[in-house]
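Visitor: No sequence on hand, only this structure:
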C-alpha cells in the first residue's frame, strides 16, 4: 500500500510542479533522509539485534526514541543553514522551506524510531496502523494541492511532513495500551549504541551511495534533470523496499540460527537474486510503456534511465541481503567493506558523468556503484570465517515478520 500511495504522490507532484519544482522537493527530501540517517546513527540495525528478550513493544519504542533524540536534535539544527540556502532560491522562500523541512525531518526521525522498535519487538500492528493512516492523509493532502494547482515546493513538503507525523503519534498512542515490559536497563542501550556507531560509517556510505545522485544533480546538472530522474528513481526505490523489509524482519532469526549453527545463507541470497531480476525486468518493461502517459510528455526523457536503474535494482537487492546476513552473523565489517568502496565509486561516477550526461549519468553511476557493492558484499560474506557474532548477546526468541 505504501508503494502505491507513494507512486500516486509521485505522479501528482510531477504533473503539478513540473520537473524543476519536483526536483526541488526531491532535493529537500534527500537532505531530510540524510539527517534521519545521521540521527539514527546505526541503531536501526543494531537495536533489533541487541534488544533483551523480555523487552516489550512500548519499552522498545521508548528505547529507540532515547537512542535517536540527542543526535536527532544536533543534526536537525545543523541542517538549517543548507535548507535555508535551498529555500531562498525558490518561490516558497527560505522561511517556509525551513519550517516545512523541520516538520518533515522530525516526522522521519520519529517514524524511524517507531519502526526500529517494531522490528525489534515483533509487534508491528501499531506501526503499520500509523504508517497506513499517514500515507492515506498524505494522498488526500497532495491531491488537494494538485487540484488547487499549488506550485510551492515548500507547501508540498509541509504537507508531506504533517501527514507523516501521524505515523509515530498513532503508533505511540496504540502502544500505550500494551504492557510496558521489563524495567529499563541502560546496558543494552549502550551496547546498541556502540554497535550502531560501528555500523554508522557503512550506513552513511550506503546513504551516500543511494542518495548522492539526487543531492548532486541540482549542483552538477539542474533541478529539471533531477525532476526527470526522480520520477523513475523513486519507482526503482519502491522495488527494493521489500528487500530491506525482509532483511530487517529476518535479522533476529538469522542471528539465532547463526548461534545454533543452522543458518544457511544460500537460500536468502538466491531469493534476493531472483527478486532483483524480476523487479528489474518489471521496472524496465512497465516503465517504458507507462512513463510518458502517466507523468506527462515533459518526462519522456526519463525512459532512457530505466535500463541502468533496473540493473541497479538487481545489484542493490543482492547487496542488502548479503550485508544483512553479515551483520546478523557478527560481521559488521562486511557492511564497511561493501558500502564504503561503493560510495567512493558512486561519487566518482556522479562527478564524472552528471555534468556531461545529466540524469542518465546519475543512473549509470548508481548502477555501477551498486554492482561494486554487491560483488564486495557477497565476496566478504563467502570468505569470512564463521565465529560467534557478539559474545554478550543471548539467543533471542522467535518473532513474527512485520510489513513495512
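Guide: Looks like it arrived, so ask away. All figures in this text were calculated on a predicted structure; none of them were measured in a lab.
Visitor: mind listing what the residue lying closest to residue 8 once chain neighbours are set aside touches?
Guide: Nearest residue to residue 8, sequence neighbours excluded (CB to CB, 6 or more residues apart in numbering): residue 139, at 5.9 Å. The way it works is simple: take the backbone N, C-alpha and C, and place the C-beta from them, glycine included. Contacts for residue 139 (CB atoms under 8 Å, 6 or more residues apart in numbering) come out as 5, 8, 9.
Visitor: out of those residues, who's nearest residue 361?
Guide: Using CB to CB, residue 9 comes nearest to residue 361 of those, at 26.3 Å.
Visitor: Just the pLDDT at that closest one, thanks.
Guide: Note for residue 9: predicted pLDDT of 85.
Visitor: Equivalent analysis for residue 298, please.
Guide: On the pLDDT scale, residue 298 is placed at 88.
Visitor: Can you verify my assumption that it contacts residue 18?
Guide: Yes. Using CB atoms under 8 Å, residue 298 is in contact with residue 18, at 6.5 Å.
Visitor: What is the helix or strand residue 29 falls within packed up against?
Guide: Assessed by DSSP states H and E, residue 29 sits inside helix 2-40. Applying 3 or more CB pairs under 8 Å, 6 or more residues apart in numbering; DSSP states H and E, one finds that helix 2-40 contacts helix 57-88, helix 94-121, helix 125-147, helix 153-164, helix 186-220, helix 223-260, helix 266-295.
Visitor: would a markdown table of those with mean pLDDT be doable?
Guide: Converted to a markdown table, the helices and strands packed on helix 2-40 look like this (pLDDT from 0 to 100):
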| stretch | mean pLDDT |
| --- | --- |
| helix 57-88 | 83 |
| helix 94-121 | 86 |
| helix 125-147 | 88 |
| helix 153-164 | 92 |
| helix 186-220 | 72 |
| helix 223-260 | 84 |
| helix 266-295 | 91 |
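Visitor: Now for residue 369: which residues touch it?
Guide: 209, 342, 343, 345, 346, 349.
Visitor: That one and residue 176, how far apart?
Guide: Separation of residue 369 from residue 176 (CB to CB, to the nearest Å): 43 Å.
Visitor: next one: residue 130
Guide: 13 Å.
Visitor: got it, and residue 167?
Guide: 15 Å.
Visitor: between the two, who's got more neighbours?
Guide: Neighbours around residue 167 and residue 176, counted as other CB atoms under 10 Å, are more numerous at residue 167. The numbers are 28 against 11.
Visitor: that older thread, which one (most neighbours) among the contacts of residue 369?
Guide: residue 342 (30 neighbours).
Visitor: excluding its backbone neighbours, what's nearest residue 225?
Guide: Nearest non-adjacent residue to residue 225, counting by CB to CB, 6+ apart: residue 358, 4.2 Å away.
Visitor: repeat for residue 349
Guide: Closest residue to residue 349 apart from its sequence neighbours, by CB to CB, 6+ apart: residue 365 at 3.1 Å.
Visitor: between the helix or strand where the one you found lies and helix 2-40, how many degrees?
Guide: Element membership of residue 365, judged by DSSP H and E, is helix 359-383. If you take axes from the mean of the first three to the mean of the last three CA atoms, to 10 degrees, helix 359-383 sits at 70 degrees to helix 2-40.
Visitor: how far does helix 359-383 sit from the chain's center?
Guide: 17 Å (CA atoms, centre = their mean, to the nearest Å).
Visitor: can you tell me how far the closest residue to residue 380 other than its chain neighbours sits from residue 226?
Guide: Spatial nearest neighbour of residue 380, excluding adjacent residues (CB to CB, 6+ apart): residue 334 at 4.3 Å. Residue 334 sits 32 Å away from residue 226, going by CB to CB.
Visitor: next one: residue 172
Guide: Distance from residue 172 to residue 226, by CB to CB: 35 Å.
Visitor: Surely the residue nearest to residue 225 touches residue 223?
Guide: No. Checked against CB under 8 Å, the pair residue 358 and residue 223 is beyond contact range at 11.4 Å.
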